[in-house]
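Participant: I need the structure of the sequence given here:
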Amino acid sequence: MLLTIPTAVTPPWTTLVGFSLLPAIVMIAGAALAVWRAPGPKLRSAILHFAAGVIFSVVAVELLPDIVQHHAPYEVAIGFGLGVATMLGLRYFTQRLEKQQETTSETSVGTGSPSASPLPWGLLVAIGIDILIDGLLLGIGFAAGAKEGTLLAIALTIELLSLGLATAVELRDGGHSKGRAVAIVAGTSLMLLVGAGIGNTVLRGATGNLLEIVLSFGLAALLFLVTEELLTEAHEETETPLLTLSFFVGFLLFLLLGMVA
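Facilitator: Here you go, the predicted model:
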């Protein structure tokens, strides 16, 4: 049964904090696993495919029907357009930071400066913004209803598991110790709580057209996450039928969960 947007209730802080901590803890666990035994490229690709299927399922089964049910095309156009523009702007910003970081590293090597494994700020800022947006989307999910928020929290948990694995491997390749790599990932995971807190504060009591704009923003951001982030990274590994199947397993699993929950 679909929840109508005007009657959606924003959950209390305790509920939101609890569901925000789950993805953050799993992200840290993923980092710890990566520094202990780095996953192979096929396993990481399978996790990315599965996470993409899960998030796409939440979008198609939970968020999209609520948005269509409200019949507010102007608000949907505004929110969706803002979501796409925001994600494209963030991509441009983070790509510039990463290029500046690469240039700085090359200059340091070329001048013979001591290499004390400087922090990859471009990468970390990009990851921090990504996690902040995830937290905001979690707040948006709970604004649509407790069921939507819960499913989205589980979906983001799987995504952040993969992100924690990838970030820790990148830091280890950059010469950072195991403990430092996990600590850095733990610090960036806190951005999820910040984003969820912002989302909960802004969306508390929001109803009607305003909530429709926010949900449409979240819809665009999640679609961008699936198509331009998760699947793009997943396809860096040679595609196989089993990897493709993991996407549809993730989609079907949460489709069935949404029907029986």
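Participant: and residue 174, how many neighbours?
Facilitator: Counted with other CB atoms under 10 Å, residues neighbouring residue 174 total 15. In this view, the C-beta of every residue, glycine as well, is placed from N, C-alpha and C.
Participant: just the one 10 residues further on next, same as before
Facilitator: Residues lying near residue 184 (other CB under 10 Å) number 19.
Participant: so who does the residue lying closest to it once chain neighbours are set aside touch?
Facilitator: Distance criterion CB to CB, 6 or more residues apart in numbering; nearest residue to residue 184, sequence neighbours excluded, is residue 171 at 6.1 Å. Neighbouring residues of residue 171 by CB atoms under 8 Å, 6 or more residues apart in numbering: 120, 180, 181, 184, 185.
Participant: repeat that for residue 49.
Facilitator: So residue 49 contacts 230, 231, 234, 243, 244, 246, 247, 250 (CB under 8 Å, 6+ apart).
Participant: quickly find the element holding it.
Facilitator: helix 41-58 (DSSP states H and E).
Participant: as a whole number, average confidence for that helix?
Facilitator: The pLDDT scores in helix 41-58 average 86.
Participant: now do the buried residues in it.
Facilitator: 44-58 (16 or more other CB atoms under 10 Å).
Participant: quick one: list the elements packing against whatever helix or strand comes next after that helix.
Facilitator: Downstream of helix 41-58, the first helix or strand assigned by DSSP H and E is helix 64-70. Judged by 3 or more CB pairs under 8 Å, 6 or more residues apart in numbering; DSSP states H and E, helix 64-70 is in contact with helix 208-224.
Participant: put the alpha carbons of the helix it packs on into CSV.
Facilitator: Presented in CSV, the C-alpha positions along helix 208-224 are these (Å, rounded to 0.1, in the frame of the first residue of the first chain):
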residue,chain,number,x,y,z
GLY,A,208,2.4,18.8,-0.1
ASN,A,209,4.2,20.6,-2.9
LEU,A,210,7.4,21.2,-0.9
LEU,A,211,7.8,17.5,-0.1
GLU,A,212,7.1,16.7,-3.8
ILE,A,213,10.0,18.9,-4.9
VAL,A,214,12.3,17.3,-2.3
LEU,A,215,11.3,13.8,-3.3
SER,A,216,11.8,14.6,-7.0
PHE,A,217,15.3,15.9,-6.1
GLY,A,218,16.0,12.7,-4.3
LEU,A,219,14.7,10.7,-7.3
ALA,A,220,17.1,12.4,-9.7
ALA,A,221,20.1,12.1,-7.3
LEU,A,222,19.5,8.4,-6.8
LEU,A,223,19.2,7.7,-10.5
PHE,A,224,22.4,9.6,-11.0
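Participant: distance from the chain centre to it, please.
Facilitator: Relative to the centre of its chain, helix 208-224 is centred 15 Å away, using CA atoms, centre = their mean, to the nearest Å.
Participant: and it, which residues are buried?
Facilitator: Those would be 209, 211-224, for helix 208-224 by 16+ other CB under 10 Å.
Participant: what is the lowest-pLDDT residue among these?
Facilitator: Among those, residue 211 has the weakest pLDDT, 78.
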